[in-house]
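1. I need the structure of the sequence given here:
(one chain, ligands or ions: 3)
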Amino acid sequence: MTRGVFVTGTDTGIGKTLTSAILTTAWQATYWKPLQTGLNEEEGDSPTVSRLANLTPERLIPPAYALQEPLAPSAAAALEGIHIDPDRLTLPNVAAPLVVEGAGGVMVPVYDDVLMIDLMARFALPVVLVARSGLGTINHSLLTIEALKQRGIEILGVVFSGKENPDNMRMIERFSGVRTLFTVPHIAHISPQSVTEHAKNVPTFHSLVHKA
Ligand SMILES: Nc1ncnc2c1ncn2[C@@H]1O[C@H](COP(=O)(O)OP(=O)(O)OP(=O)(O)O)[C@@H](O)[C@H]1O
Ligand SMILES: C[C@H](N)[C@H](N)CCCCCC(=O)O
Ligand SMILES: [Mg+2]
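-> Ligands and ions are numbered 1, 2, ... in the order given. Next up is the predicted model:
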């Protein structure tokens with residue numbers, strides 16, 4: 001049985017956290033950000049999702065690693081003299097669905113010679129890919145999809161964040177064969193209310209994982 005999804009992106013700052021909050025709200029899911037970096041500059045994604053998706057504490061799994069510098073996990077950990085232990089990076093045993101959010105894109109170093117995409121393959125969750133809607137997204141989305149396919153990682157679809165661009169969506173669908181799941185327009189004021197509103201556009205977890 002599919003336990004959840006892994007939310008990845010074509011880049012950092014692309015809308016993974018906003019999308020994760022929307023998915024978590026839509027599915028009444030549990031949220032986990034295993035590797036958080038940049039805590040000296042931002043509150044981190046767990047409190048953001050907790051607030052936006054109105055999470056009760058049992059639906060929020062704390063990060064396995066919470067690191068200060070706004071860098072890839074391997075670099076942020078090295079600066080703090082922390083060795084990332086793969087045994088701590090195992091899926092929590094919670095009721096489905098679980099929404100797991102990556103850090104940055106798929107080729108981000110996590111520890112030693114392990115990249116985020118290797119961790120994703122190990123988790124074996126189907127992937128939701130968040131992409132910007134505008135210029136540059138065709139290249140970044142197709143490259144990311146190619147890397148995921150090469151490793152046999154199941155892709156449920158793409159979520160486009162930002163002003164809707166049907167031509168970009170069509171081009172990515174045509175060249176990758178991966179469908180668009182839903183779009184998140186530019187939201188001027190992101191709030192629990194706007195997240196609840198956009199959660200209405202999300203297919204049910206069961207329809208998604210059984211159709212894939
Ligand atoms: N559709 C949107 N409308 C308005 N703001 C957005 C939208 N998508 C993303 N943003 C804003 O862009 C910023 C980066 O988005 P977000 O935090 O979701 O990125 P991320 O992909 O989760 O990055 P990270 O790799 O750090 O986890 C945030 O301030 C977020 O609120
Ligand atoms: C700190 C930031 N918000 C992300 N969590 C970390 C993104 C690392 C990206 C590394 C890279 O691709 O160059
Ligand atoms: Mg995030």
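
2. So which bits of the lowest-mean-pLDDT helix or strand in the chain are buried?
-> Lowest mean confidence among the helices and strands of the chain (mean pLDDT, DSSP states H and E): helix 205-211, at a mean of 87. Residues of helix 205-211 classed as buried under the neighbour-count rule (16 or more other C-beta atoms under 10 Å) are Phe205, Leu208, Val209. (Each C-beta comes from the backbone N, C-alpha and C, glycine too.)

3. Same list (these) but as CSV, adding distance to Val108.
-> Listed next are these as CSV, based on distance: C-beta to C-beta, whole Å:
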residue, distance to Val108
Phe205, 26
Leu208, 25
Val209, 25
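
4. residues from this structure in reach of ligand 3?
-> Lys16, Thr17, Asp45 (C-beta under 5 Å from the ion).

5. In this structure the second one contacts Thr48, no?
-> By that I understand Thr17. Yes - with contact defined as C-beta atoms under 8 Å, Thr17 reaches Thr48; the gap is 5.5 Å.

6. Report all helices and strands that the least confident helix or strand of the chain contacts.
-> With contacts taken as 3 or more C-beta pairs under 8 Å, 6 or more residues apart in numbering; DSSP states H and E, helix 205-211 sits against strand 4-9, strand 155-161.

7. Now find how far off-centre it is within its chain.
-> 17 Å (C-alpha atoms, centre = their mean, to the nearest Å).

8. more neighbours, Thr17 and Thr48?
-> Per other C-beta atoms under 10 Å, whichever of Thr17 and Thr48 has more neighbours is Thr17, with 22 against 18.

9. and the nearest residue to Lys16 once chain neighbours are set aside, what are its bridge partners?
-> Using C-beta to C-beta, 6 or more residues apart in numbering and skipping residues adjacent in sequence, the residue nearest Lys16 is Gly9, 4.5 Å away. Per DSSP bridges, the residues bridged to Gly9 are Gly105, Val130.

10. tell me which residues in the longest helix anywhere in the chain are buried?
-> Counting residues, the longest helix in the chain under DSSP state H turns out to be helix 137-150. Within helix 137-150, the residues that qualify as buried are Thr137, Ile138, His140, Ser141, Leu142, Thr144, Ile145, Leu148, counting by 16+ other C-beta under 10 Å.

11. Same question for stretch 102-110.
-> In stretch 102-110, the ones that count as buried by 16+ other C-beta under 10 Å are Gly102, Ala103, Gly104, Gly105, Val106, Val108, Pro109, Val110.

12. In this model Ala103 seems to touch the residue nearest to Lys16, though I could be wrong.
-> No - using C-beta under 8 Å as the test, Gly9 is too far from Ala103 to be in contact (9.5 Å).

13. give me the number of residues near the residue nearest to Ala103 when sequence neighbours are not counted?
-> If the residues on either side of it in the chain are set aside, Ala103 comes closest to Leu35, at 4.8 Å by C-beta to C-beta, 6+ apart. Leu35 has 26 neighbours, counted by other C-beta under 10 Å.
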